[in-house]
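Undergrad: sequence and computational prediction follow.
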Amino acid sequence: MEEQDMFSGQGSATINEMYQNWFLDYASYVILERAVPAIEDGLKPVQRRILHAMKEMDDGRFNKVANVIGQSMQYHPHGDASIGDAIVGLGQKDLMIETQGNWGDVRTGDSAAAARYIEARLSKFALEVAFNAKTTNWQLSYDGRKNEPVTLPMKFPLLLAQGTDGIAVGLSTKILPHNFCEILDSAIKHLKGKSFELYPDFMTGGMVDVSNYNDGARGGKIRVRARIEEVDKKSIAIRDVPYGITTSQLADSILKANDSGKIKIKSVTDNTAKDVELIVQLAPGVSTNQTIDALYAFTDCEISISPNACIIIEDKPHFVGASDLLKHSVKHTKNLLLRELEIRLNELDEDWHYSSLERIFIENRIYRDIEEQTTWEGVLQAVDDGLTPFKKLLRRVVTQDDIIRLTEIKIKRISKYDTFKADEHIRGVESAIEDVKNNIDHLNDYAIKYYENLLKKYGKGRERKTEIRPFETIQATTVAIANTKLYANRKEGFIGTGLKKDELEFECSDIDHIIAFRRDGVMVVTKVADKTFVGKDIIHIAVFQKNDERTTYNMVYMDGKTGVTYAKRFNVTGITRDKEYDLTKGNPNSKVLHLTANPNGEAEVVAINLSPGCKARTKTFDYYFEEQEIKGRGAMGNQVTKYPVRNVKFKEKGRSTLSAPQIWYDDSVGRLNKDGHGMLLGRFDEKDRIIVFYKDGTYEVTGFDITNRYDSDNVVLIDKFHPEKVVSAIYFDAKNKHFNVKRFVIESQTLKSKYSFIKDGEGNYMELVTLQQEPVVIIRTGKKKTELKEEIVALHEKVDITGWKTIGTHLAGDDVKDISLLPEVGEDPTQREAPTLF
């Protein structure tokens, strides 16, 4: 029995060791041979084998992809399906492979046609940067019948240009694609010792926020958005898709958000053909600005991508950044260029050596010395002896192979030998040798010229497609529509969307948070749910807005221990969800006598009625909340009276004790904010408005809602609207080829309606607009920069105030080089941005 247990233990240990070894072997195989690319050429094994097979087949013509798959299977042992998918992936990236036929569409998710119907060949770019048999390291294929490259001699950061992703055993990699031209520019900058930055660029276009990219290393994150435009007040258009998302996936996510009540739309129509276009029809009464924000918040119109650059270096996975990948590729390219130059130099030296030998052999008629020889050894010796007087002119020793090669020269070549052409050829070889040696001595400059040549030959049409811009943070709760109803049983202390037999409080979103106050002075914030117990005797319920510093709560409560009545004013900004906060002194039997929520810090007047039997002389008096400071929710408050209070009654609505909110405009995102980002527009009361002027010569009056969106690329001037202020505008009249100036007062003020105030006509554009009361401009005119004339014009003196529809007054001809606005007297240009000139 003991012997059996002993063998059983040994077997278990052996199995464990075998499992560990086999699993490690399997994991290593998947990492090295399937999922993770090598840093030398940026290719996974299947991609490398496909390109190598295509090089073997290359004759300049297209080949059926089915044939390419068959050729690649000589090197790749994992079946035709994986090879076919990899070829399509390479072809869709439009860099290494030229395609013909239906190769699918990464934007719509349409798959490629069958391999027998589509064709491919290596691109000229691939042939230039990826292949050189003389600098390639070779290994046997999986069956030992063929040679295949260990890595291709890639002289370009292909991994950064194409991007890649893969999942192995225990690790994954995700490298985002970058712009072709920017990669080459960065490589040149690196060789020149300058700093550089690399950011992703996607074939699908869109916009990207790279503020947290972290150089593409682990821990970074980017946000990618589709470009959304307002077509009219009832519809919006989505013009592209985020990276990795198809139009069908995007449409499905929009419909899902609509079904869940996050947004309200009538329909989504996919009109994608040459360009992406999804038309979203809005439901009646829905704002386009709020819907655009909601699409970014609740659908795949915005996605987050976390890069994870893992690559194989010396047969081991390493995590690096995008700049590290570029630097390694540049170093690798320089080494390959050096090897190519050294090989070329050796070939030129051999060419010079043999050309010189041939000339000596023929011009000095050494071939005649072999006529009398009867043996092969004698022939070789005779030629060697004939060359001996000239060996000092050569750059290396004469070998037997050299002599044999001379003996193989045909009589026809000897008879037609041209000494002049031979000398010209040798001089050309010597010149080429000097050039190669110079390139080796100045390898860095040679590499720079190499990259510049690639940029010149292949950079056209590969400009950046994805716009880099910062994104504003959209709070989902602020853009979610009210898609559910909240009910409450105040007496029993329950709130929720499922209590339909109880009292309806208000409509809200299912992602909102609800703030509830109880009679005992306890406050709690909880998420909207079907049914939630928040405590008995609820006195106030509302949707909670986090970090709201304007909503002010005015409260009167009685301390349960002393009977003293206190009043307090406070805000509720940050809280812990579902945690109870006692707003009184915390003593048992405390009681809230009065509570109001005031969105703009209003301070009402209340009447305090004391108990009739108390000793106070005055049984009724008014309390003014405006005389009390706003403090934290944990403050005790000010004592109102030490006598028992019968009740507190609302007497008079008060004014706001808060100053009007300050509004800023951030032109980097085209949004308003209250956080101090961008240009301060001023303080805004409820009736205040904003005026916006655009490049196309239109203006628009809007409210100051934070959800407003403005096309920052086309905004010329944005400011607080003052109806009495005079607008001064200069625009170009393309038909008459001159600049006009006009001054007018805004008359049409319908909110969110655009009005054109310059003359209609093709090619007309606005040059300058200002709200300065006495604007002065400098006009520079002239045909040549060295002969410019300056004229200072006071627009308020030159032009009278007229209607906004007038054409205006002639200001200058078409020889204007620049029009600039002088700062107004007393204006600090560092505090306000000057109107944009373009």
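TA: In hand now; what should we look at?

Undergrad: rest of the way, CA atoms for contacts and neighbours
TA: Will do.

Undergrad: just checking, what packs against the longest helix anywhere in the chain?
TA: Longest helix in the chain by number of residues, with DSSP state H as the criterion: helix 322-363. Packing contacts for helix 322-363, counted by 3 or more C-alpha pairs under 8 Å, 6 or more residues apart in numbering; DSSP states H and E, involve helix 158-162, helix 180-191, helix 400-407, helix 419-441, helix 443-458.

Undergrad: partner strands of the next helix or strand after the shortest one and their direction?
TA: Moving toward the C-terminus from helix 158-162, the first helix or strand encountered (DSSP states H and E) is strand 164-167. Each strand that strand 164-167 pairs with, and the sense of that pairing, follows from DSSP bridges: strand 172-175 (antiparallel).

Undergrad: so how far is the strand it pairs with from its chain's centroid?
TA: How far strand 172-175 lies from its chain's middle: 17 Å, per C-alpha atoms, centre = their mean, to the nearest Å.

Undergrad: put the alpha carbons of it into PDB.
TA: Provided in PDB are the C-alpha atoms of strand 172-175 (Å, rounded to 0.1, in the frame of the first residue of the first chain):
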ATOM      1  CA  SER A 172      -2.200  41.300 -25.200                       C
ATOM      2  CA  THR A 173      -1.000  44.100 -27.400                       C
ATOM      3  CA  LYS A 174      -2.800  47.100 -28.900                       C
ATOM      4  CA  ILE A 175      -0.800  49.600 -30.900                       C
END
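
Undergrad: run through who's touching it.
TA: 35-36, 159-160, 163-167, 216, 306-311 (C-alpha atoms under 8 Å, 6 or more residues apart in numbering).

Undergrad: output the below-cut-off pLDDT ranges for the stretch 151-300 of the chain.
TA: Within the stretch 151-300 of the chain, the set of residues satisfying pLDDT under 70 comprises 168-170.

Undergrad: relative to N587, how far out is the closest residue to A616 other than its chain neighbours?
TA: Excluding the flanking residues, the one nearest A616 by C-alpha to C-alpha, 6 or more residues apart in numbering is Y643, at 7.0 Å. The gap separating Y643 from N587 is 18 Å, by C-alpha to C-alpha, to the nearest Å.

Undergrad: neighbour count: these two, which is higher?
TA: Taking neighbours as other C-alpha atoms under 10 Å, Y643 and N587 compare with Y643 leading, 17 against 14.

Undergrad: got the buried residues for stretch 624-642?
TA: Neighbour-count burial for stretch 624-642 flags 625-626, 628, 630, 633, 636-637, 640-641 (criterion: 16 or more other C-alpha atoms under 10 Å).

Undergrad: Serialize the helices and strands packed on helix 322-363 to CSV and add fields for mean neighbour count.
TA: Conversion of those to CSV gives the following (neighbours: other C-alpha atoms under 10 Å):
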stretch, mean neighbour count
helix 158-162, 24
helix 180-191, 21
helix 400-407, 14
helix 419-441, 15
helix 443-458, 16
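
Undergrad: helices of the stretch 651-800 of the chain, residue ranges please.
TA: 795-798 (DSSP state H, counting those that start in this stretch).

Undergrad: output the below-cut-off pLDDT ranges for it.
TA: Using pLDDT under 70, the stretch 651-800 of the chain drops low at 785-786.

Undergrad: rerun at 80
TA: 707, 748-749, 751-752, 783-788 (pLDDT under 80).

Undergrad: what ranges do the strands span in it?
TA: 662-666, 671-673, 679-683, 690-694, 698-702, 715-720, 726-733, 738-745, 754-756, 765-770, 776-781, 789-794 (DSSP state E, counting those that start in this stretch).

Undergrad: now do stretch 510-518: distance to the chain's middle.
TA: 36 Å.

Undergrad: hmm, I was thinking of stretch 346-365
TA: 60 Å.

Undergrad: pLDDT of that stretch, averaged?
TA: The average pLDDT within stretch 346-365 is 89.

Undergrad: would you mark the buried spots in that stretch?
TA: Neighbour-count burial for stretch 346-365 [16+ other C-alpha under 10 Å]: 348-349, 351-362.

Undergrad: so which of those is the closest to Q381?
TA: Among the buried residues of stretch 346-365, F361 lies closest to Q381 (C-alpha to C-alpha), at 13.7 Å.

Undergrad: list the contacts of the closest one.
TA: 367, 387, 406.

Undergrad: quick one: it from F298, how far?
TA: 84 Å.

Undergrad: what sits opposite the closest residue to R633 other than its chain neighbours in the beta ladder?
TA: Nearest residue to R633 in three dimensions, chain neighbours excluded: F570, at 5.1 Å (C-alpha to C-alpha, 6+ apart). Counting by DSSP bridges, F570 is bridged to Y553, K631.

Undergrad: which residues touch F570?
TA: 552-554, 630-633.
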